[in-house]
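Enquirer: I would like the atomic coordinates for the input below:
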Amino acid sequence: MARRTDSGLDSPKGLRTSFVPRLGGRDRVGRFSEGFARAMGTTGFLVGMTVFVVVWIAYNTYAPPAAQFDPRTLNYTLLTLILSLQASYAAPLILLAQNRQDDRDRVQFEQDRQRAERNLADTEYLAREVVALRLAVRELASKDFIRAELRALLAELEDQRSLERDRNPEGAA
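Expert: Numbering: from 1, shown residues only. Predicted structure coming up:
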């Protein structure tokens, strides 16, 4: 029979298994509390609880006294105890669910804030780029300016040709 070495004193503490099993940690309890709070807030739960209380009271009022387990004469003590117990567990579970939702909302808010900062930085960068492009476009030559410069160059070339013809009359013919 093989001996387990991972639970003895000959292995480091981190490798040993604990005596008490873990039930899933805070996340499992948190998910359970959210499910419980979500279920308690439904119409089905309210209707079911109302039917349960009405049946309880009706049975313990109209049943023969020997069959009553929570008689009216004792003001439904067991029902009061059960409802108090249910409320004492419901309140902390609902608060746990609200705390988890607050944590999620806080993380979502932080992510939204970071996204908004990035969007603002991107928008400011693009605005600066648009301004730089507008300034660069102002320095560029327009069509009219280029046409005027070309006309001036053509006129200058024609003037130079006419001067050359005047100097060399035999090359013109």
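Enquirer: Report the central residue of the chain.
Expert: Residue closest to the mean C-alpha point of the chain, counted by Cα atoms, centre = their mean, is Q108 at 4.2 Å.
Enquirer: Where does that one sit, in terms of helix or strand?
Expert: If you go by DSSP states H and E, Q108 is part of helix 77-139.
Enquirer: Now whichever helix or strand comes after that helix: average pLDDT?
Expert: Per DSSP H and E, the first helix or strand lying C-terminal to helix 77-139 is helix 143-167. The pLDDT scores in helix 143-167 average 89.
Enquirer: and what of stretch 83-97?
Expert: 89.
Enquirer: Pull the distance from it to the chain's centre.
Expert: Centre-to-centre, stretch 83-97 and its host chain are 28 Å apart (Cα atoms, centre = their mean, to the nearest Å).
Enquirer: Just the pLDDT at V51, thanks.
Expert: 96.
Enquirer: ok, now which ones touch it?
Expert: Listed by Cβ atoms under 8 Å, 6 or more residues apart in numbering, V51 has no contact partners. C-beta coordinates here come from the backbone N, C-alpha and C atoms, glycine included.
Enquirer: hmm, back to that, just checking, what packs against the helix holding Q108?
Expert: Packing partners of helix 77-139 (3 or more Cβ pairs under 8 Å, 6 or more residues apart in numbering; DSSP states H and E): helix 25-40, helix 43-62.
Enquirer: quick check: angle from that helix to helix 43-62?
Expert: If you take axes from the mean of the first three to the mean of the last three Cα atoms, to 10 degrees, helix 77-139 sits at 170 degrees to helix 43-62.
Enquirer: quick one: helix 77-139 to helix 25-40, angle?
Expert: Orientation check (the same axes, to 10 degrees): helix 77-139 against helix 25-40 gives 110 degrees.
Enquirer: picking that back up, pipe the helices and strands packed on helix 77-139 into TSV and attach distance to R104 per row.
Expert: Formatted as TSV, those follow (distance: least, Cβ to Cβ, whole Å):
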stretch	distance to R104
helix 25-40	10
helix 43-62	23
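Enquirer: winner for burial among the ones you listed?
Expert: helix 25-40 (a mean of 14; mean count of other Cβ atoms under 10 Å).
Enquirer: tell me how far it is from the chain's mean position?
Expert: Worked out by Cα atoms, centre = their mean, helix 25-40 lies 20 Å from the chain centre.
Enquirer: Kindly report the same for stretch 145-158.
Expert: Offset of stretch 145-158 from its chain centre (Cα atoms, centre = their mean): 64 Å.
Enquirer: Need the residues that contact it.
Expert: Residues outside stretch 145-158 that contact it (Cβ under 8 Å, 6+ apart) are A141.
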